[in-house]
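S.K.: take this sequence and fold it.
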Amino acid sequence: MAQPKIRRRGILLVLSSPSGAGKTTITRALVAKDRALSMSVSVTTRPRRPREVDGRHYRFITREKFDAMVAEGALLEHAVVFGNCYGTPRAAVMRALEEGRDIISDVDWQGTQKLAAQVRDDLVSVFILPPSLAALKRRLRARAQDSREVVRERMAESAEEMSHWPEYDYVIVNQDLADSVRQVRAILDAERKRRERQLGLADFVNRLRGKS
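M.R.: This next block holds a predicted model:
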């Protein structure tokens, strides 16, 4: 008789941080190094930045379309950040988890709270802290993506954002990018081996013990 197969339910790995602390850079580095990890493509109403590709970095949609998705329950979470709307499409994420594929998303603390309310058993959350406020400000300025006014707004919001660190499963101080990527990768590897995520494990062990 064939040995029972062990299959694994997927993980929704969420990284959050104040703007400029490194969550997006770490996320992209993880996806580049791990073929079993796919990026969750959020929808947003904000303008597309230079070099961003629609459908790869975000799905850029109108406010009308966004509101329709909210009304239909098509988003696992959604929030307004600095005047722009963001959301995580439900169908694509749930399909991946059921098929045993891992998804990574970089959402803020509001989004993480909403995801936890809906898919807590599938969620692994990591909060990324900057090594200092000075370093955070330097990183925001170095991105050259936002005006000075927006940088000031993001710095003003950072204290509130960082106050939510106790809500996360893991916390990492991003002093060195490569080391931070390694730390998140170690978390992901460990979470993939959690007993409750290995479906069919009980039958497999019972067969090994001759109790089938």
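
S.K.: residue ranges in the protein under the pLDDT threshold?
M.R.: Across the chain, the ranges flagged by pLDDT under 70 are 1-4, 142-147, 150-151, 212.

S.K.: for it, just list every one of the helices.
M.R.: 23-33, 63-72, 90-98, 109-119, 133-143, 148-162, 177-192, 201-208 (DSSP state H).

S.K.: to Asp169, which of these lies closest?
M.R.: Counting by CB to CB, Asp169 lies closest to helix 177-192 out of the helices of the chain; the figure is 8.1 Å. From N, CA and C alone the C-beta is placed, and that goes for glycine too.

S.K.: in that closest one, what counts as buried?
M.R.: 180-181, 183-185, 187-188, 191-192 (16 or more other CB atoms under 10 Å).

S.K.: would you turn the residues you listed into CSV with distance to Arg152?
M.R.: Shown next, in CSV, are these (distance: CB to CB, whole Å):
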residue, distance to Arg152
Ser180, 26
Val181, 29
Gln183, 30
Val184, 29
Arg185, 34
Ile187, 33
Leu188, 35
Glu191, 37
Arg192, 41
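
S.K.: closest one of those residues to Arg120?
M.R.: Closest approach between these and Arg120, by CB to CB: Glu191, at 13.4 Å.

S.K.: got the contact list for that closest one?
M.R.: 11, 13, 124, 197 (CB atoms under 8 Å, 6 or more residues apart in numbering).
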